[in-house]
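> Kindly generate the corresponding structure for this input.
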Amino acid sequence: MTGSFWWDLLIGVAAALVLAWLALVVALLVVRPRGSLLREALRLLPDVLRLIRRLAADKDLPRGVRIRLGLLLAYLALPIDLIPDFIPVLGYADDAIVVTAVLRGVVRRAGLEAVRAHWPGTPDGFTAVTRLTGLPAGNG
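The predicted model follows:
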């Protein structure tokens, strides 16, 4: 392209990073909870964070699930977001969207009963979490 190996490498890496960021933004838009589910996700975020911490510490869960939860906790601890906070709606909701997407996979892999056993909030909050993950609430 430019004739210089280092400039070509730098341009290639920058283009790959931009494409990866755009792919993540599109993925967030696809898995984003709609309407009132997004408000519920934001309202339940403190209980969900405690749930994630408890699930990540549970040695009975598969290692892959615990690693995924540990990576999620690390992402949430970082001050850098995938979508900057000045972007309306998605800016502040990107953490809730990422948590929802990861929690869907964790619930499907670890099972709803594991989540129920570690849930720190109210039964209504647990029902909302099951709606967010797209799974039936089961019995009580």
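> So which elements touch the strand or helix carrying residue 126?
Using DSSP states H and E, residue 126 sits in helix 123-133. Using 3 or more Cβ pairs under 8 Å, 6 or more residues apart in numbering; DSSP states H and E, the elements in contact with helix 123-133 are helix 36-57, helix 90-110, helix 112-118. Every C-beta, even on glycine, is put in place using the N, C-alpha and C of the backbone.
> Output it in CSV with nothing but the alpha carbons.
Provided in CSV are the C-alpha atoms of helix 123-133 (Å, rounded to 0.1, in the frame of the first residue of the first chain):
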residue,chain,number,x,y,z
PRO,A,123,-38.2,-13.5,43.4
ASP,A,124,-39.5,-10.8,41.1
GLY,A,125,-35.9,-9.9,40.2
PHE,A,126,-35.1,-13.5,39.4
THR,A,127,-38.1,-13.6,37.1
ALA,A,128,-36.8,-10.5,35.4
VAL,A,129,-33.4,-12.1,35.0
THR,A,130,-34.9,-15.2,33.4
ARG,A,131,-36.8,-13.0,31.0
LEU,A,132,-33.6,-11.2,30.1
THR,A,133,-31.8,-14.5,29.5
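> Pull out the buried positions in it.
The neighbour-count check on helix 123-133 (16 or more other Cβ atoms under 10 Å) flags 125, 126, 128, 129, 130, 131, 132, 133 as buried.
> For those residues, give me TSV that also has pLDDT and distance to residue 103.
Putting the buried residues of helix 123-133 into TSV (pLDDT from 0 to 100; distance: Cβ to Cβ, whole Å) gives the following:
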residue	pLDDT	distance to residue 103
125	85	13
126	87	12
128	80	12
129	77	7
130	80	10
131	76	12
132	71	7
133	70	6
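> which of those residues lies closest to residue 63?
Among the buried residues of helix 123-133, residue 133 lies closest to residue 63 (Cβ to Cβ), at 20.9 Å.
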